[in-house]
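**Q** Quick one, fold the following:
(2 chains)
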Amino acid sequence: MGTYIARRLLLIIPTLIGMTVVTFAVMAFAPGGMRSVIVNRESGLDPRARQAIEKFYTKKYGLDKPLTVQYLVWLNKVSPLGVKDAGVGWPSSRRFGFKSPDLGESIISHRPVLAMIEESLPVTLLLNVITIPIMIGVSLWTGLKAAQHRGGIGDVVGGSVFLGLWSIPQIWAGVLLVGYLANKNFIHWFPAAGLHDLRDDEMNFLPTLADGFHRGWLLDTGWHLVLPVVCLMYAGFAFSSKLTRAATLENMAADFVRTARAKGVGERQVLWRHVLRNSLLPLITYTATIVPGLISGAIIVESIFGIPGMGKLGVDAVFDKDPEMVLSTTLVASILGLISYLGADIAYAMADPRVSFESEAT
Amino acid sequence: MTAGAVPIPARTDTESALPASFWGRAIHDTLQDFGARLGLVWIILLVAVAVLVPMLANTEPLAVKIGGHWSFPAARHLTPTDVTLFILAAATLAVLPVRRVSVARRLLFLLVVLAVSIPLTILFVKPPITVDWQQYRDLQRAGKIQFKVMAPLPYSANDYQRDDPDQVLQPPSRVHWLGTEANGGDVLSRMMYATRIALSIGLVSTSIAVVIGVVVGGLMGYFVGRIDIFGMRLIEIFEAIPTLFLLITFVAFYGRSLIMIMVIIGVTGWTGEARFIRAEFLRLRKQDFVHAAVAAGLPLRSILFRHLLPNGITPILVMSSFGIASAILYESTLSFLGLGPVDVPSWGQMLNQSLGVGGTFVWWIAVYPGLAIFLTVFAYNLLGEALRDALDPKLSK
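**A** Model (predicted):
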C-alpha cells in the first residue's frame, strides 16, 4: 500500500503541470490572447495611451516572448515553489525555493487575485463540506432500504424518481426554489440571497431565548444555506443512492455474506457490518468524482442564490473580462478537483487492502 | 424411430417477430422499455418542431390574399437554416425506409446532402434582413386582408411587442399559450425555436467528444505503455478540472458564438468515451482476430478502426446518449449564466429571465423552459439506460 500511495503522489506532479498547461493554453491560443483582452478593456481611444498601456502589459507578461517562455514565466509566478523575486518578465535572480504564489492582479478592482480567492474559497468549501456528508448519509440509507426491499414498490418507484431527480437541471431547481420558497409573492420561508442576514454583526453566535427568540449567527447562516445545499445535493444524491443499491445487492449475494449467515450472525449484524462496509467502497470513488461536479455546481448555486463564493467570482470575472481572475479561479478549482481525486485513491487503498500498485492498470 | 422422433417445436409468433441481427434485436429490446419509448416520442416531437417551426409559429401569414392577390409571406422569410433543415428532413424520410442499403451508407448520404445544401441555401435563399412584424397586423386592422392562413401559433420568436403594454409579461392565456416575456415575445414560440439549439448542441458536441474519445482511448488501449500513461494523465486532467469552470474560461477568451460553444463542450467532454474505448481495446488487443490482422500486415488504421472499433462501439452508443443529455445541460447552464450563444433564443437564457431584479419571479418563464430542458435531458437519459440494458445485460442491475 505504501508503494501505491507513493506512486499515486508522484503521478500528481505531471497531472498538475498538465493542468497548468491546459489552463495557460486556453488563454494563449485565444484570438489575440491576453493582450487583446486587456488592451481593449483598459485603453480608451487615445492612441498614445493605448500604446503606453500595450507596452506596459507586454513587458509585464512578456507578451513579445515565445509562448513557451511566457508559460514558464507564468508557471514560476503562480507556483509556490520556484525562482524568488522573479520581477517583471524573465527572472533575474537565481534564488530557488518556496515563495508565496502570485496569481496576478484583478484589472477591475486592482487587488491581488490571491487575496480575493482566499476570501471566497472558504464559502465554496463550506457549501461542499455541508453537502457531501448529508448526501452520502441519506443515499446510504435509501440505497440500503431499496436493496433490502428489492422489487418492492418503494424500490421501483424510487428507481424512476432517482433517474428523474438526476435529470432535473440544477438551474431549474435553483430558480424554482428561489422563486417559490423565497419570494414574498409565494412562500417566503427562506432568504432569497446571501449567506448572512444584513444585521448579522449584532447577533449572538448561538440562538437565545431571552426577551423573545433570536436565532443567532449560527442558525441564521444555516437558514441561509438550506436552499443552496438542497440545490447542490439532490442530483448527486440520486446517483449515489443508485450506486449504493447496486453495491449492496452485489454484496448480499456474495459468498462471505452467506458464510456469515450460515454461522449464525444476526440479520442486522450481517447488513451493517458485512454488507454495508463493502458497499462503501464504490461510494468513496464516487464522492471524489463528484467533487469537481460540486465545484462546478457551486457556480450555478452561487449565481442563483447570490453567495459570494469562488464560482460567482469566476462568472463575474468572465463578464468583466478579467483574464487573470478567470485563469486563477479555474486553476484553483482544478487543484481542488485533483486533491479530491488523490484523497479518494488513498482512502480507497486504505479501505480496501486488495488495491495495490500491481493490480492498478495505470 | 418414428416413436422416438422429437417433434420440432413450432416457432412461436414472438420468436419469428424478433429481428435476427444484433442491432435489430438491440433496438427491439430498447423499445420494449416503456421509459425509452416515451423518451423517443419526446425527442421525435422535438425534431419535428425544430424542422417545422417556421410553419408552426410565425407572425407572417403562411398565405394571404390582399386585393385579390395571393402571396406567401412566411415562405419569403425562410432563412437558409430553415431550408437546409427542410431538405435534410426530406432526405432522411426518403432514405429511412430503404432497408437494402447499410446504415453507414445512409448516414454518409445524409452528410453529403447536408454538405451540399448548406452552401446552396446560403447562396440562393436571401430573406429580407429586417422584418416589419407589424405589417400584417396593421393591414388586418385596416381591413385590407381578405383571407389569410396563419400558423397555429401566430407569433415568431423574435416578434417583440415591446411597445404594447398589453403584450409584455402576460401570464398564459388563450392568446399567448405560455405567456410572454419582458420584451413581449411569445414564450411558447421562443421555446419552439430554441429546440434547434438544444438538439444541435447535443448532437454536434457529442459527436466531437466521441471522435476525440475514440481516437485517444483507442490509441491508449492498443499501444498501452507510455502512450497509455500519458493518455491517462490527460484524462485525469480533464476529469479533475471542474467542467463548468473550464467552459466559462473558454467562453471568456473565445467568445460566445454557437459553433464555439458546441466545440468547447465537445472538447471538454470526451473523457468518459476515452475510458470506455481504452478498456474495451485493452481487452480485445490480445485476441486472436487482432493477432491475425497484425500478422496479415494490415495498416494500423485498418486494425484500429475496422477490426477493433466495431467490437467496442456498443458502450460508445450508450455513452453518447448520456453525453447528449449532459451537453444540453451544459449549454443551458451557460446560457442561464448569460454566457451562451447570443441572439438566438435558448431555454437556459429564458430561464434566466424569470428571476428579475428586486425579487420578482415570473413563474411561466421559469416553469416551462425549465420543464423543456428537464424533459429532454430525461428523455436522453431514459434512452441511454434502456440502450445499456439492451446492449449489455451484464451492466444492468
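**Q** Let me know the helix or strand that the nearest residue to residue B:113 once chain neighbours are set aside is in.
**A** Spatially, and ignoring its direct neighbours in sequence, residue B:113 is nearest to residue B:91 (4.5 Å; CB to CB, 6 or more residues apart in numbering or on different chains). Placement of C-beta: from N, CA and C, glycine included. Counting by DSSP states H and E, the element that carries residue B:91 is helix B:80-95.
**Q** re the thing from before, the residue nearest to residue B:113: neighbouring residues, count only.
**A** The number of residues packed near residue B:91 is 17, by other CB atoms under 10 Å in any protein chain shown.
**Q** swap in residue B:322?
**A** By other CB under 10 Å, neighbour count at residue B:322 equals 19.
**Q** The helix or strand just after the helix holding residue B:91 to helix B:80-95, inter-axis angle?
**A** Toward the C-terminus, helix B:80-95 is succeeded by helix B:103-124 as the next helix or strand (DSSP H and E). Helix B:103-124 runs at 150 degrees relative to helix B:80-95, counting by axes from the mean of the first three to the mean of the last three CA atoms, to 10 degrees.
**Q** what's helix B:103-124 in contact with?
**A** By CB atoms under 8 Å, 6 or more residues apart in numbering or on different chains, the residues outside helix B:103-124 that reach it are B:23, B:80, B:81, B:83, B:84, B:87, B:88, B:91, B:92, B:95, B:96, B:98.
**Q** for residue B:213, what are its contacts?
**A** B:270, B:271, B:272, B:273, B:274, B:276, B:277, B:316, B:319.
**Q** for residue B:361, phi and psi?
**A** Here is the backbone geometry of residue B:361 (degrees, to the nearest 10): phi -140, psi 110.
**Q** Same check on the one 10 residues further on?
**A** The phi and psi torsions at residue B:371 (degrees, to the nearest 10) take the values phi -60, psi -40.
**Q** Which residue, neighbours along the chain excluded, lies closest to the one residue in the stretch 51-200 of chain A that gets nearest to chain B?
**A** Among all residues of the stretch 51-200 of chain A, residue A:172 sits closest to chain B, at 3.3 Å; criterion: CB to the nearest CB. Residue nearest to residue A:172 in three dimensions, not counting chain neighbours: residue B:370, with 3.3 Å by CB to CB, 6+ apart.
**Q** element containing the one you found?
**A** In this assignment (DSSP H and E), residue B:370 forms part of helix B:363-391.
**Q** So what's the gap between that helix and the chain middle?
**A** A distance of 12 Å separates the centroid of the chain from that of helix B:363-391, by CA atoms, centre = their mean, to the nearest Å.
**Q** Going by contacts, tell me the helices and strands next to it.
**A** With contacts defined as 3 or more CB pairs under 8 Å, 6 or more residues apart in numbering or on different chains; DSSP states H and E, helix B:363-391 has these neighbours: helix A:153-167, helix A:170-181, helix B:22-32, helix B:34-56, helix B:187-223, helix B:309-336, helix B:347-352.
**Q** what's the least confident stretch among those?
**A** When the helices and strands packed on helix B:363-391 are compared by mean pLDDT, helix B:22-32 comes last with a mean of 77.
**Q** For stretch B:129-145, measure first residue to last.
**A** Stretch B:129-145 has an end-to-end distance of 24 Å (CA to CA, to the nearest Å).
**Q** buried residues in that stretch?
**A** By 16 or more other CB atoms under 10 Å in any protein chain shown, the buried positions in stretch B:129-145 come out as B:131, B:136, B:137, B:145.
**Q** in what helix or strand does the residue nearest to the spatial centre of chain A lie?
**A** In chain A, the centroid-proximal residue (CA atoms, centre = their mean) is residue A:295; its distance is 2.6 Å. Per DSSP H and E, residue A:295 falls inside helix A:276-305.
**Q** any residues touching the helix or strand just after that helix, and which ones?
**A** Counting by DSSP H and E, the next helix or strand C-terminal to helix A:276-305 is helix A:310-320. With contacts defined as CB under 8 Å, 6+ apart, helix A:310-320 is touched by A:106-108, A:116-117, A:120-121, A:123-124, A:295-296, A:298-303, A:306, A:325-326, A:329-330, A:332-333, B:244-245, B:248-249, B:251-252, B:337-339.
**Q** now the helix or strand hosting residue A:224: mean pLDDT?
**A** Using DSSP H and E, residue A:224 falls within helix A:216-252. Mean pLDDT, computed over helix A:216-252, is 85.
**Q** Indicate the residue of the stretch 1-150 of chain B located nearest to chain A.
**A** Of all residues in the stretch 1-150 of chain B, residue B:35 sits closest to chain A, at 7.4 Å by CB to the nearest CB.
**Q** who are the neighbours in contact with that residue?
**A** A:160, B:382, B:385, B:386.
**Q** again, only using 7 Å
**A** By CB atoms under 7 Å, 6 or more residues apart in numbering or on different chains, residue B:35 lies in contact with B:382, B:386.
**Q** what's the spacing between it and residue A:21?
**A** With the distance defined as CB to CB, to the nearest Å, residue B:35 ends up 42 Å from residue A:21.
**Q** just residue A:107 next, same as before
**A** Following CB to CB, the distance that separates residue A:107 from residue A:21 is 24 Å.
**Q** and what of residue A:347?
**A** Residue A:347 is 28 Å from residue A:21, where distance means CB to CB.
**Q** again with residue B:297
**A** Taken as CB to CB, the span from residue B:297 to residue A:21 is 38 Å.
**Q** quick one, which of the two is more surrounded?
**A** Taking other CB under 10 Å, residue B:297 and residue A:21 do not tie; residue A:21 has more neighbours (14 against 7).
**Q** Am I right that the more buried one is in a helix?
**A** Yes - the assignment for residue A:21 (DSSP: H, G, I helix; E, B strand; the rest coil) places it in a helix.
**Q** which SSE is the closest residue to it other than its chain neighbours in?
**A** Ranked by CB to CB, 6+ apart and with sequence neighbours excluded, the top spatial neighbour of residue A:21 is residue A:71, at 7.2 Å. Per DSSP H and E: residue A:71 is located in helix A:67-78.
**Q** which parts of the helix or strand just after that helix are buried?
**A** Using DSSP H and E, the next helix or strand after helix A:67-78 towards the C-terminus is strand A:81-83. Residues of strand A:81-83 classed as buried: A:82, A:83 (neighbour count, 16+ other CB under 10 Å).
**Q** got the residues of the stretch 101-250 of chain A near chain B?
**A** Residues of the stretch 101-250 of chain A lying near chain B by CB under 7 Å from any CB of the partner chain: A:163-164, A:166-169, A:171-172, A:175-176, A:178-179, A:183-185, A:192, A:246, A:249.
**Q** Now with 10 Å, please.
**A** When proximity is defined as CB under 10 Å from any CB of the partner chain, the stretch 101-250 of chain A approaches chain B at A:159-160, A:163-164, A:166-176, A:178-180, A:182-186, A:188, A:192-193, A:235, A:242-243, A:245-247, A:249-250.
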